[in-house]
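Engineer: Sequence unavailable; structure follows:
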């Protein structure tokens, strides 16, 4: 029994780390400019398609194309900021919701238009098989995805904490006007936040592409959890999203095992409600 | 004043309509999920239905079905079938709106679709309200034909028959091969399709003296299925009966393998396990999986028309038929047959002809005894088959009379494939 | 615009709406008009909480679905008239809204919006697994013409049209009364100057709870109308986040916190949605989504104040921009 429990807990941690990576991008965008991006799942979808086409056209492994996927999604995010988001930065929250919701529909429609609604998948990846030790076993793709998520999240955290550019980004997040007075170009910072946010989701998509089917609406499977993580961890908190990811992954898998899998999301959402009720700013958010 | 304007517009409409009528068209509305998560299936169904209509309109008689190559419907001066497709997005309200639009604006004489049972429910209600025949080819919720509708006809068997088939198969297997099955576990996604199937499986399992050791329902499109598989593993079943759509089906097989879960047999309930993408993705891990089906390419050995029809779809869309698209194709032929016998596009005449439908089995690309509707509108001659994945292909293994291969039992170990 | 001219315009619009289905006999167009009225009614109901009180709910489908389920279950199990069921649904939804609202109003902005999404997702999962409520299969209401008493009409679309119109007028009237009442005054204070309102001793939670109770009751009535019109409800179609978002989209598109904004928003959004699907939907290439999404984005970017903002800004001058602001 302990072994089964340990297996489920660790499986929960693995998927939770990937959730966290999706949420990190979302929370970064939110932290810097107070916009909830409903189209964030679509960045993940684009990352998956980028991996798929690299594999389908040139037989390149998703792990090999991952840096290019990240760069490509960075460009998509930054460009989206320049073309669309820049114009609604001072609009009321609801208009922003409306805009990103429209982008979500637009991206899904475009994906179907360009690549058909078929389910795609990447086969025969470099990492295949499983890791087994002490009676526990995990799929190697899942372990790789989790490891990739940790590395990427760590890189984002390090960037924000220890680089000048990251500090400038944090300063803009804390106080846009004050940062501007210090000579930080807010527009650049916002574009940077969107670029990094999209790149994170893109990397998550690339990591998931070997285990999860790829189709235009795939973002819908991850966006709700990502929202929960962002709010649970505290809007704008990268470390909060990270720990919340692990927590939610474990609650989902262990809760589903001990209780009823049909209600695993109910457990996660109830946990979220309970936490924000006791602590309205989320786990690691600032009041 | 309004009446005058209406009379004038009616007159104008008549003038405009006259040349259109001379073209001799029979308009049929077909509603499928063409956007959203099921768009991929919807598009397959659309292509199959369109192929059926084009064959009836064309002059190539080589297929060997009575209406194929007839150059339109013979009893209606070779009027051509025109299918008007609409998208229901998986939304029951949209399905009803589209049905209404097709009936009143596009002036269709009959409706088909909608794949999703929930949308078929509302769209057929609209057809019932207007008194327009609705022929459903691929929705399998049993209650659709239990509503007392007069305009609703279903060519496919429903889930009750399919689930019964799975158990008849197990019983036959016990008799013939002496295999021992006692413990059954059920895994199903928790929307209408999965919960309905799981409830029936539970009922039939009890009736047939099996022990249901676990019944696990999960939300579709879950990002992970670890907890579900752990629950199954803990229950130590002989047979797992599973109802999942494509994404979940792929994910579950990968999770079985990762967690080292190997029941004696996996008997799937069609859907994701029979999708064209399924085997491409899971590769060798799919070998040995058993699934209920309504159609398989290897049936062509006994029914050459299947191979011919499949070649036509291959030539046009580079895919094989599957259970869904073959049924969509068949529904159009069944509807065309009725309209042709009616010799008219009046709804009452078509309805009467549908009731009198008697298509023999050799006129179908399905392994059915034929099409004849009972009083509820359900085709009573439909049948299911059981297929198994062997060497990366679906082969028919039951009923034994139709089988092209013997059942492989038990599932091979994950690392010995 | 003077008050008298405004009243005259209003009466003219109402007359036009009442005569519309008599002039346009095509059932498909009448159906689209009904969908517009239903969307408008939900948008106006949402606006009481989201627009006036500034509490952005993305979970209103929970109340809509409550209305649909309560009336349907009462009529199917106990033979109760759906009209009474509509009232019962409204009461249950109000009570539910208060229970949900009380803890959630502690949360601000995005946290509140997220919490409401969580609520509707939980309700959906619970109903989905609850067999006595129809479970995942949903509820099929009997398709038999019953006339006005039984709330099912097969022969003509007109009854549904006028019921939807009446419900919209009722919802607008409630909205109008709320805006002019003491509650409305405090709600605006809460929305615009929450800290000042609190320091003046305004009980924020009490007025917010009043707003959510009213808003939920009206959304639930819309739910009953949906159930009686489509005669089929299931968790996926009546308790979904996407439906909740659509309610807010209607209000946002038209103009948040304006009386008639959601009505105009509903007309435009429904027209675009239905139009793009009818024209492009049959192709199966997703073109309808591209057009629909693009229009939403373009509109949100270039007209963030909504259609009402554009109308008032363009024709009535900047001073009239938020007419409901005057007490």
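Structural biologist: It's in. The shown structure was predicted, so the numbers you read here are calculated from the model rather than taken from an experiment.

Engineer: Name the nearest residue to residue B:39, ignoring sequence neighbours.
Structural biologist: residue A:117 (3.3 Å; Cβ to Cβ, 6 or more residues apart in numbering or on different chains). In this view, the C-beta of every residue, glycine as well, is placed from N, C-alpha and C.

Engineer: what's that neighbour in contact with, if anything?
Structural biologist: Counting by Cβ atoms under 8 Å, 6 or more residues apart in numbering or on different chains, residue A:117 touches A:215-216, B:35, B:39-40, B:42-43, C:284, C:286.

Engineer: Kindly report the same for residue C:113.
Structural biologist: A:36, A:97, C:56-58.

Engineer: Now it: phi and psi?
Structural biologist: Torsion angles at residue C:113 (phi, psi; degrees, to the nearest 10) stand at phi -60, psi -40.

Engineer: try residue B:32
Structural biologist: The phi/psi pair for residue B:32 (degrees, to the nearest 10) is phi -140, psi 160.

Engineer: Which of the three states applies to the closest residue to it other than its chain neighbours?
Structural biologist: Counting by Cβ to Cβ, 6+ apart, residue B:32 lies nearest to residue B:42, which is 4.0 Å off, once chain neighbours are set aside. State at residue B:42, reduced to three classes by DSSP: H, G, I helix; E, B strand; the rest coil: helix.

Engineer: Residue B:84 now?
Structural biologist: Using three-state DSSP, the structure places residue B:84 in strand.

Engineer: And the residue of the stretch 1-150 of chain B that's closest to chain C?
Structural biologist: Residue of the stretch 1-150 of chain B nearest chain C, by Cβ to the nearest Cβ: residue B:87 (3.5 Å).

Engineer: List the contacts of that residue.
Structural biologist: Here residue B:87 is in contact with B:31-35, B:42, B:94, B:98, C:277, C:281-282, C:284, C:288 (criterion: Cβ under 8 Å, 6+ apart).

Engineer: now do 7 Å
Structural biologist: By Cβ atoms under 7 Å, 6 or more residues apart in numbering or on different chains, the contact set of residue B:87 is B:34-35, C:277, C:281-282, C:288.

Engineer: any idea how far residue B:88 is from the residue nearest to residue B:39?
Structural biologist: Relative to residue B:88, residue A:117 is positioned 14 Å away (Cβ to Cβ, to the nearest Å).

Engineer: Give me every residue in chain C lying close to chain B.
Structural biologist: C:22-23, C:26-28, C:31, C:35, C:128-129, C:135-138, C:140, C:143, C:154, C:230-232, C:234, C:236-237, C:277-278, C:281-282, C:284, C:286, C:288-289 (Cβ under 7 Å from any Cβ of the partner chain).

Engineer: for the stretch 1-150 of chain A, same thing?
Structural biologist: Counting by Cβ under 7 Å from any Cβ, the residues of the stretch 1-150 of chain A that sit close to chain B are A:4, A:7-8, A:11, A:15, A:112, A:117-119, A:121, A:123, A:130, A:137-139.

Engineer: please redo it, this time with the cut-off set to 6 Å
Structural biologist: A:8, A:11, A:15, A:117-119, A:121, A:130, A:137, A:139 (Cβ under 6 Å from any Cβ of the partner chain).

Engineer: Show me which of those residues are buried.
Structural biologist: Taking 16 or more other Cβ atoms under 10 Å in any protein chain shown as the criterion, what is buried in the residues of the stretch 1-150 of chain A next to chain B is A:8, A:11, A:15, A:117-119, A:121, A:130, A:139.

Engineer: Do you know the pLDDT at the most centrally placed residue in chain B?
Structural biologist: Centroid-nearest residue in chain B: residue B:138, 2.9 Å away (criterion: Cα atoms, centre = their mean). pLDDT for residue B:138: 92.

Engineer: quick one: buried residues of stretch C:81-101?
Structural biologist: C:81-83, C:85-94, C:96-97, C:100-101.

Engineer: List the contacts of it.
Structural biologist: C:63, C:66-67, C:70-71, C:74-75, C:119, C:151, C:209, C:212-213, C:216-217, C:220-221, C:224, C:228 (Cβ atoms under 6 Å, 6 or more residues apart in numbering or on different chains).

Engineer: go on, stretch B:172-190?
Structural biologist: A:262, B:170, B:194, B:197-198, B:201, B:205, B:210-217, B:219-220, B:232, B:235, B:237-244, B:248, B:409, C:136.

Engineer: likewise stretch A:232-252?
Structural biologist: Taking Cβ under 6 Å, 6+ apart as the rule, stretch A:232-252 contacts A:9, A:12-13, A:15-16, A:19-20, A:23-24, A:27, A:30-31, A:153, A:157, A:229-230, A:264, A:267-268, A:271-272, A:275, A:281-285, C:110.

Engineer: who in the stretch 151-300 of chain B is up against chain A?
Structural biologist: Near chain A, when you scan the stretch 151-300 of chain B using Cβ under 6 Å from any Cβ, you find B:190, B:216-218, B:221, B:223-224, B:226-228, B:230, B:246-247, B:250, B:258, B:260, B:277, B:281.

Engineer: What about those, which are in strands?
Structural biologist: B:216-218 (DSSP state E).

Engineer: okay but residue A:218 is in contact with residue A:44, surely?
Structural biologist: No - counting by Cβ atoms under 6 Å, residue A:218 stays clear of residue A:44, with 7.1 Å between them.

Engineer: ok so residue B:61 is a strand residue?
Structural biologist: No - Residue B:61 sits outside any strand when classified using three-state DSSP, being coil.

Engineer: what's the pLDDT at the closest residue to it other than its chain neighbours?
Structural biologist: Using Cβ to Cβ, 6+ apart and skipping residues adjacent in sequence, the residue nearest residue B:61 is residue B:69, 3.4 Å away. On the pLDDT scale, residue B:69 is placed at 93.

Engineer: so residue B:69 is in which element?
Structural biologist: Assigned by DSSP states H and E, residue B:69 falls within no helix or strand.

Engineer: And residue B:320, which helix or strand is it part of?
Structural biologist: Per DSSP H and E, there is no helix or strand for residue B:320.
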